[in-house]
Every structure is written in structure tokens, then in C-alpha cells.
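Asks: Let me see the structure of the following:
(one chain, ligands or ions: 2)
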Amino acid sequence: MAIILEGVKKIYPGTTEPVMEDFNLTIKDGSFTVLLGPSGCGKTTALRMIAGLEEVTAGKIYIDGADVTTVDPGARNIAMVFQNYAIYPHMTVRGNIEFGLKNYKITKAKIQERVNGVLAQTGLTDLAGRMPAQLSGGQRQRVALARAMSKSPMAFLMDEPLSNLDAKLRSQMRSELIQLFDALGVTFIYVTHDQTEALTMATDIVVMYEGRIMQQGTPQEVYENPANIFVAQFIGDPGMNVLKLKNEAFVGFKPRALRLVRPANGDFEIAGQILTREFLGHEYMYTIDVGCGRIVLRTGQMIDAGTTHTFYADAADLCYFDKNQNRTFEPQQAKVVQVFHVDE
Ligand SMILES: Nc1ncnc2c1ncn2[C@@H]1O[C@H](COP(=O)(O)OP(=O)(O)OP(=O)(O)O)[C@@H](O)[C@H]1O
Ligand SMILES: [Mg+2]
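Replies: Residues are numbered from 1 along each chain as shown. Ligands and ions are numbered 1, 2, ... in the order given. Alright, predicted model coming up:
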């Protein structure tokens, strides 16, 4: 199911500032599209408008070419799974899944067939008779997914469905969701502010900030080729180091791109003092005071805090941004004047 938002504007009742304006987004049929961005950027709002749970103030929403802007949520053939998976505590796993189908005009036998199929697909067959209180967080989340799946929707909308799970379960559910996506072959739209979730699961990432789309692309594209400084600093662990130059342009490089030895194609150097060292298991993360601010280095090399070095970057690892903070492919040779962060 392909979904298009065209010139969408949203002002919540009782407020005057639009959450978004002239918002244009195309979600490809069969994609796993992740809406990624910091808190308050409008991810949930966008998702709820697609589901029909929130009205648009202006603009249009199309599903597979049809204008659904004023179509009821129930008639959009979309299932939504929320952060606080609303499953009924007084019903068994099977009961919860059946409940979603009770208004469907299909025979009892057909319902059972469908419920059994969904239970098997989500690995819940052996737990069908249990009550929600007897399940782990991950299993409950799977019940919510199973209930959404029972209606055979053409698209799944998920709003931070893993945020209540611990780190280990989250990573397990990520691979389960990827398998589910591969098996179902329908469109997934997934909202998160967690870039790991986005990079691991998405076929398409939409990076949002303050109601605007900063970049849309594959995980590789947004990671390797950020379109602007916001994306460069938002994606990565941590994001790119970005330095403001005397000519108002910017140069950026990833924390792993800094070297202690001048590379053959060395195009950038900066002196600095190691402030802190953090051991990450397979490598170290350092903060470096470069005079006009702090940058971050990740390397397997052991360096002592307090020591001063010249750090280098290879020309191929440099990203340039113009004075409007958009990517430019014109190399900039001006002097560094400031370490730059988007929120400054
Ligand atoms: N019902 C509402 N009435 C008024 N303003 C709202 C309402 N819901 C959301 N907003 C505002 O709209 C903006 C976008 O909110 P939204 O919930 O879409 O953000 P989000 O990207 O999902 O954030 P988070 O990651 O925190 O869930 C925020 O500034 C928020 O305060
Ligand atoms: Mg939200």
C-alpha cells in the first residue's frame, strides 16, 4: 500500500502554531518506512493522520492513489500498534486476537483458522490459553501485533512499540519485526526516536525535525551521505563532528574518521588535548578540546588523557556543508573557528 501526504498542514485545536505545514511525504508500497526524529518533531501526529485518527488542517492523504483525507480510520485497511500495547487483561491470548475479529462477517471456522494462523506466525501457539498477566513484556507486545495482523491489513502503523521493553528484548523484537515484515510483504510505517531501530529495520528512513523532513533515504544513504548538518549530527553514535569555518561554511567528519597519523590523502588537521577517555569494550571514545570547542574520537588506540596531539582526517572522510547547513561538494579550505552543534 503506497501512502502519500501532500501539502499537509496540522494545527491542533486550541493552538495557533502549526505542528507541520506543507508536509510532503511518499511512502513506497511494501517499504519498511521509519519516521525518525527527536521528541516533539511531529512523528506521532503524522502517523495518526495517516491512520485517520487525527484530522488534517489542510492538504491531502492518498492511499494507493485514492484520496482518503476524510475517510474513517476503520475503512483505511490499516492496523495500528501503540507504545502501550492495549491488550485486554481479562482475556486470554486467543481471546484478545479473536476479539479484534468479532465484527467481521466471517464464519466461526474461518475465524479460528485465521486466529490459529496468526498465533503460529507470531510464535504464540503454545501461549494461546494464557492471560496477559502471565506473559513477559515482549510476549504481550507480540499479542498486540498478532491482534493487528488478524485483520490482514495492507499497512501496519507502529508508534514506538518497543520503548517499554528492556534492551535485550528490544533487540530480539527488532529481528522478529524484520522477519514479520519479510513474511507479510505489506507496508510498515514505524515511528521512533531511536536511530538504532531505524538503521537496523528500515528500508526507508524519514528524518524529521520541527515538523519538517530533513532527509529521506535508505539507512545507508542517511548514514553515509547526510543531506545537512542536522542529519549528520543526529545519525551516528555519536554523530558527526561539525566545525564552523571562517568563511561561514562547515566541515564534518565522523568520530571514527579522525587519525593520529597523517594519512596519504590527509586534507584536514587540528590540534587538541585529550580530555576524557571512555572504554566501550571493543574501542575507546575520547573527547578532545580543540580550543574552539570539543570534538569526539572513536578508536581502538589507547591514548592518555591530558596529552596533546595533532589529529588528521582523510579527504574522502570529510563532508562539507554550506552556510545554510546543507551538504555541498565544494571543498572549503578556510580556517576552523568553532565546533558547531545544531542546537547552538
Ligand atoms: N493533542 C494535542 N494538542 C496540542 N498540541 C499537540 C497535541 N499533540 C501533540 N501536540 C504537539 O505537536 C507537536 C508534535 O507532537 P508529536 O506527538 O507528533 O511529536 P513526536 O515526534 O511523536 O514526539 P515524541 O517522540 O515525544 O513522541 C509537539 O509540539 C506537541 O506538543
Ligand atoms: Mg510520539
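
Asks: backbone phi and psi for residue 87, please?
Replies: Torsion angles at residue 87 (phi, psi; degrees, to the nearest 10) stand at phi -110, psi 150.

Asks: hang on, it packs against residue 145?
Replies: No: counting by C-beta atoms under 8 Å, residue 145 is not a contact partner of residue 87; they are 10.2 Å apart. Using the backbone N, CA and C atoms, a C-beta is placed for each residue, glycine as well.

Asks: Just want to know which of these two has more residues nearby.
Replies: For residue 87 against residue 145, the residue with the higher neighbour count under other C-beta atoms under 10 Å is residue 145, and the figures read 24 against 20.

Asks: who touches the helix or strand hosting that one?
Replies: Residue 145 is located in helix 137-150, with elements delineated by DSSP states H and E. Outside of helix 137-150, the residues within contact range by C-beta atoms under 8 Å, 6 or more residues apart in numbering are 79-82, 85-87, 93, 96-101, 114-115, 118-119, 121-124, 127, 132, 135, 156, 161-162, 164-166, 169, 172-173, 176, 180, 184.

Asks: Out of those, which sit inside helices?
Replies: Assigned to helices by DSSP state H, the following of these qualify: 93, 96-99, 114-115, 118-119, 121, 169, 172-173, 176, 180, 184.

Asks: what's across from residue 310 in the sheet?
Replies: When bridges are assigned using DSSP bridges, the partners listed for residue 310 are residue 271.

Asks: Just the pLDDT for it.
Replies: At residue 310 the predicted local distance difference test score is 97.

Asks: Next, the contact list for it, please.
Replies: Counting by C-beta under 8 Å, 6+ apart, residue 310 touches 269-271.

Asks: got the residues of this protein near ligand 1?
Replies: When proximity is defined by C-beta under 6 Å from any ligand atom, the chain lies next to ligand 1 at 12, 15, 19, 37, 39-45, 193.

Asks: Quick check: the farthest pair among the residues you listed?
Replies: Using C-beta to C-beta, those reach their maximum pairwise distance at 15 and 193, which is 21.9 Å.

Asks: higher neighbour count, these two?
Replies: When residue 15 is set against residue 193 and neighbours are counted by other C-beta under 10 Å, the residue ahead is residue 193, at 18 against 9.

Asks: pretty sure the more buried one is in contact with residue 40, am I right?
Replies: No: in this structure residue 193 lies outside contact range of residue 40 using C-beta under 8 Å: 9.6 Å.

Asks: show me where the protein has helices.
Replies: Using DSSP H, the helices of the chain run over 43-51, 93-99, 108-121, 137-150, 167-184, 195-201, 219-224, 229-234.

Asks: Packing partners of the second one?
Replies: What that stands for is helix 93-99. The contact analysis (3 or more C-beta pairs under 8 Å, 6 or more residues apart in numbering; DSSP states H and E) places helix 93-99 against helix 108-121, helix 137-150.

Asks: contacting residues around the spatially closest residue to residue 62 that is not a sequence neighbour?
Replies: Counting by C-beta to C-beta, 6 or more residues apart in numbering, residue 62 lies nearest to residue 4, which is 4.3 Å off, once chain neighbours are set aside. For residue 4, the set of contacting residues under the criterion of C-beta under 8 Å, 6+ apart consists of 25-27, 60-62.

Asks: Point out the ones among those that are inside strands.
Replies: By the criterion of DSSP state E, membership of those in strands covers 25-27, 60-62.

Asks: Which one (most neighbours) among the contacts of residue 310?
Replies: Going by other C-beta under 10 Å, residue 270 tops the contacts of residue 310 with 21 neighbours.

Asks: Now do the contacts for that residue.
Replies: In this structure, residue 270 makes contact with 243, 290, 295, 310-311, 336, judged by C-beta under 8 Å, 6+ apart.

Asks: Now do it, the pLDDT please.
Replies: At residue 270, the pLDDT value in this model is 95.

Asks: Kindly report the same for residue 215.
Replies: 98.

Asks: got it, and residue 304?
Replies: At residue 304, the pLDDT value in this model is 96.

Asks: Count the neighbours of the nearest residue to it once chain neighbours are set aside for me.
Replies: Among residues not flanking residue 304 along the chain, residue 274 sits closest, at 6.8 Å (C-beta to C-beta, 6+ apart). Close neighbours of residue 274, defined as other C-beta under 10 Å, add up to 19.

Asks: And the furthest pair within the contacts of residue 270?
Replies: Of all pairs drawn from those, the widest gap by C-beta to C-beta lies between 243 and 310 and measures 14.9 Å.

Asks: Show me what the residue nearest to residue 62 bridges to in the sheet.
Replies: Partner residues in beta bridges with residue 4, using DSSP bridges, are residue 26, residue 62.

Asks: from here on, count from 455
Replies: Renumbered: residue one is now 455, and that last one reads residue 458.

Asks: pLDDT score for it?
Replies: Model confidence at residue 458, given as pLDDT, is 98.

Asks: same thing with residue 651?
Replies: In this prediction, residue 651 carries a pLDDT score of 94.

Asks: Quick check: which ranges of the protein have low pLDDT?
Replies: The chain contains residues with pLDDT under 70 at 537-539, 798.

Asks: Using the record's domain definitions, break it down for me.
Replies: Under the assignment automatic domain parsing, the domains of the chain span 457-678, 692-794.
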